[in-house]
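Student: sequence and predicted structure below; questions after.
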Amino acid sequence: MRKIILSLLMTLAATIANAQTDDETLLFIYKNGGNFYAFNSFEIDSIVFAIDKKEDKEIVVQKIYTSKGVSRHPLETISRMEFIPIEKALSTCPDDNHPHAIDLGLPSGTKWACCNVGANVPEGYGGYYAWGETEEKEFYNDVTYLYGSGVDSGGDGWYDDYHENGLYGEWQDIGSDIAGTSYDVAHVTWGGSWCMPSLDQMKELLDNCSSS
Ligand SMILES: [Zn+2]
């Protein structure tokens with residue numbers, strides 16, 4: 001097992017070294033579940049592999065450091081990695097001024113952004129945002145969540161005060177429909193009529209488009 005991991009690491013190191021000489025590539029990391037992450041290779045400061053302890057098990061984690069932070073991928077969840085020249089990556093954008101509103105010919109006329117909020121290329125995976133929050137942060141837990149309060153007696157970031165409603169901590173109800181409001185990261189970040197998609201809009205996208 002160790003040998004397999006080492007040879008995989010060496011292959012990855014070789015590909016990474018190759019990428020550092022070529023700015024015009026995107027690094028795609030494909031996960032077992034079919035998701036993928038993409039990084040502009042010139043935004044990557046370093047890629048390291050570290051042993052992390054998960055419960056009692058030791059796992060190898062790939063850490064990709066960029067100017068925005070660190071993206072962690074347990075090696076066992078990665079199915080494939082690939083560097084793809086930017087010109088080969090599918091692009092419908094007329095220039096580099098993302099986000100663009102892309103007309104996919106959907107029945108409702110809804111236009112989708114070419115990239116995720118927090119990404120600066122269409123293939124980028126973008127930012128992580130807690131519900132109703134509009135900024136990324138280092139830790140995502142009860143204590144750092146903007147719309148909750150409570151007592152973290154254990155000091156682990158999670159609230160310990162139990163309430164009659166069955167919840168630990170007290171939580172502000174900001175509503176389930178926050179698109180276009182000050183709780184909507186797309187609207188706050190990009191302004192104008194940009195907003196988070198609704199469930200119906202996501203369904204429409206999936207029903208009318210194919211992906212490859
Ligand atoms: Zn674009």
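Tutor: Cool, got the structure. Numbers count the residues shown, from 1 in each chain.
Student: could I get the buried residue list for stretch 98-110?
Tutor: Going by neighbour count (16 or more other C-beta atoms under 10 Å), the buried part of stretch 98-110 is 98-100. Just so you know, the C-beta spots here come from the backbone N, C-alpha and C atoms, and that holds for glycine as well.
Student: could you do stretch 162-171 as well?
Tutor: For stretch 162-171, the neighbour count (16+ other C-beta under 10 Å) marks 168-169, 171 as buried.
Student: just to revisit the earlier point, how about the buried residues of stretch 98-110 in CSV, adding pLDDT and distance to residue 116?
Tutor: Formatted as CSV, the buried residues of stretch 98-110 follow (pLDDT from 0 to 100; distance: C-beta to C-beta, whole Å):
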residue, pLDDT, distance to residue 116
98, 89, 10
99, 90, 9
100, 87, 13
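Student: so what's the residue count around residue 189?
Tutor: Look at residue 189: counted by other C-beta atoms under 10 Å, it has 15 neighbours.
Student: so it sits in a helix?
Tutor: Yes: counting by DSSP: H, G, I helix; E, B strand; the rest coil, residue 189 is found in a helix.
Student: now do the helices in this protein.
Tutor: Along the chain, the segments classed as helices by DSSP state H run 2-20, 185-190, 199-208.
Student: avg pLDDT for stretch 28-37?
Tutor: What stretch 28-37 shows for mean pLDDT is 78.
Student: distance between the ends of that stretch?
Tutor: By C-alpha to C-alpha, to the nearest Å, the extent of stretch 28-37 from end to end equals 6 Å.
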